[in-house]
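[1] Predicted model follows, preceded by the sequence.
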Amino acid sequence: MHLLFSAPQVELTEYTWEEVNRGPRLRRRAAAQSEMMRRARHVKEVLPLVPLKDIVKELEKTRSVDVTITNFLEGLVTYTPEVETVIEPQPSTSQAPPKYVTPTPTGTFPKSAKERQMSFQERKAQMIAEARKRYIEKHGLKIDC
């Protein structure tokens, strides 16, 4: 009988069964939290002014990135917008810094899809016109738009 225990050379530990069994649960919980943060970062990319804690709280309820984004856009979830930090690019010595078109926020999200589409088309037309103007200026073209 003594040979049976000495042959595998297994060390005796002080761990209880509960402590040993807790490891897989902790790994599953960590994986779930990691997935939740991945989803929260995805929502944050779409809605950069919404605080991460509010995104996580809503994601825990809905379990869906799309539903969470919709709830924030439609005003079903209230939040205090974060202050957007702007990182100033370092001016290069070779050329002037690019001018970016940033649409002015209206503060309200159109309720109907038709209004959102019209707003999108207006912003798109404005951006194309400004890009065309910059291209003409950059290449010194004599074109009247």
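    That came through, no problem.
[2] what helix or strand is Met127 on?
    For Met127, the enclosing helix or strand under DSSP states H and E is helix 113-139.
[3] so how far is that helix off the chain centroid?
    Between the centre of helix 113-139 and the centre of its chain there are 25 Å (CA atoms, centre = their mean, to the nearest Å).
[4] try stretch 76-85
    14 Å.
[5] Tabulate the CA atom coordinates of it in CSV.
    Output in CSV follows, covering the C-alpha atoms of stretch 76-85 (Å, rounded to 0.1, in the frame of the first residue of the first chain):
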residue,chain,number,x,y,z
LEU,A,76,-33.9,56.5,-23.2
VAL,A,77,-30.8,56.5,-21.0
THR,A,78,-29.6,59.8,-19.5
TYR,A,79,-25.9,60.6,-18.9
THR,A,80,-23.6,63.6,-18.4
PRO,A,81,-21.4,64.0,-21.4
GLU,A,82,-17.7,63.8,-20.9
VAL,A,83,-15.5,66.7,-22.0
GLU,A,84,-13.8,65.8,-25.2
THR,A,85,-10.1,66.1,-25.0
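[6] Now do the buried residues in it.
    Neighbour counts over stretch 76-85 (16 or more other CB atoms under 10 Å) mark Val77, Tyr79 as buried. Every C-beta, even on glycine, is put in place using the N, C-alpha and C of the backbone.
[7] Check stretch 59-76 too.
    Result for stretch 59-76 [16+ other CB under 10 Å]: buried residues Leu59, Val65, Thr68, Ile69, Phe72.
[8] got the domain boundaries for this protein?
    Residue ranges for the domains of the chain, per automatic domain parsing: 17-84, 95-145.
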